[in-house]
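Q: how would this look folded up:
(chains A and B)
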Amino acid sequence: SQLAEENSWALSVHEGESVTVNCSYKTSITALQWYRQKSGKGPAQLILIRSNEREKRNGRLRATLDTSSQSSSLSITATRCEDTAVYFCAPNSNNRIFFGDGTQLVVKP
Amino acid sequence: GGIITQTPKFLIGQEGQKLTLKCQQNFNHDTMYWYRQDSGKGLRLIYYSITENDLQKGDLSEGYDASREKKSSFSLTVTSAQKNEMAVFLCASSSWTGGDERLFFGHGTKLSVL
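A: Numbering: from 1, shown residues only, chains lettered A, B, ... in the order given. The predicted model follows:
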């Protein structure tokens, strides 16, 4: 079974709205990262939150981490069409980084 | 900044063929990874290497070999291509120093087996 799993297969919002992607994981971690992958490209890191942190912000992005429930969320405010991509959570454990199947986010004009 | 270069971009093989994918990075990172991504799915770790000449198996190593002869390069071999196999192979590197655990990815090699 997978060690990381996003809770939604796909999400759709209109430009300007906020959206949250949720993730659960099944391993002890030192940190958790969120990546975004656009069509035809490799994933790119958005944000890293360490196991002793509860929240991290980066511009329009906000990540939360709850190590007791082994879950994380990524919120995007004021979405733009260019935020359309697949979003992955990626827990870090012992030099290994695990990926879920991702959530496809579509931002419509 | 640096770059990860994967060659070739597209690879078409025959069933049973041995196929090699190459990856070069100029970040001077110690750790390099090979992931496999099937259509609509996440990334599964095949092999990783924490330094030159080191190899560590991931969750999907069966059917693959890897080689890290230089710090800057990491190659992956499909030992016997499976008929109708289709996937994207992504190479990544990371420094893991100074608290920077980001993976930097190449654009991928798309494999199709006839």
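Q: Return the residues of chain B in contact with chain A.
A: B:4, B:31, B:33, B:35, B:40-45, B:48, B:50, B:56, B:58, B:90, B:92, B:94, B:96, B:101-103, B:105-108 (C-beta under 8 Å from any C-beta of the partner chain). Glycine gets a C-beta too; all of them are placed from N, C-alpha and C.
Q: let's see it at 10 Å
A: Chain B comes close to chain A at residues B:4, B:6, B:30-31, B:33, B:35, B:37-38, B:40-45, B:48, B:50, B:56, B:58-59, B:88, B:90-92, B:94, B:96, B:99-108, B:110, as judged by C-beta under 10 Å from any C-beta of the partner chain.
Q: from chain B, which residue is nearest to chain A?
A: Residue nearest to chain A within chain B: residue B:105 (2.8 Å; C-beta to the nearest C-beta).
Q: the strands in chain A, which residues?
A: A:4-6, A:10-14, A:19-25, A:31-37, A:44-50, A:55-58, A:61-66, A:71-76, A:85-93, A:96-97, A:103-108 (DSSP state E).
Q: okay, which residue is most central for chain B?
A: residue B:34 (2.8 Å; C-alpha atoms, centre = their mean).
Q: My guess is it contacts residue B:60. True?
A: Yes. With contact defined as C-beta atoms under 10 Å, residue B:34 counts as touching residue B:60 (9.2 Å).
Q: could you measure residue A:90 against residue A:21, distance?
A: 12 Å (C-beta to C-beta, to the nearest Å).
Q: With neighbour numbers in mind, choose between the two.
A: Higher neighbour count among residue A:90 and residue A:21: residue A:90, with 27 against 23, using other C-beta atoms under 10 Å in any protein chain shown.
Q: which SS state does the nearest residue to residue B:29 once chain neighbours are set aside fall under?
A: Nearest residue to residue B:29 in three dimensions, chain neighbours excluded: residue B:93, at 3.9 Å (C-beta to C-beta, 6 or more residues apart in numbering or on different chains). Of the three states, residue B:93 takes strand under DSSP: H, G, I helix; E, B strand; the rest coil.
Q: ok, now which ones touch residue B:93?
A: B:2, B:4, B:23-33, B:48-49, B:71-72, B:74, B:102-106 (C-beta atoms under 10 Å, 6 or more residues apart in numbering or on different chains).
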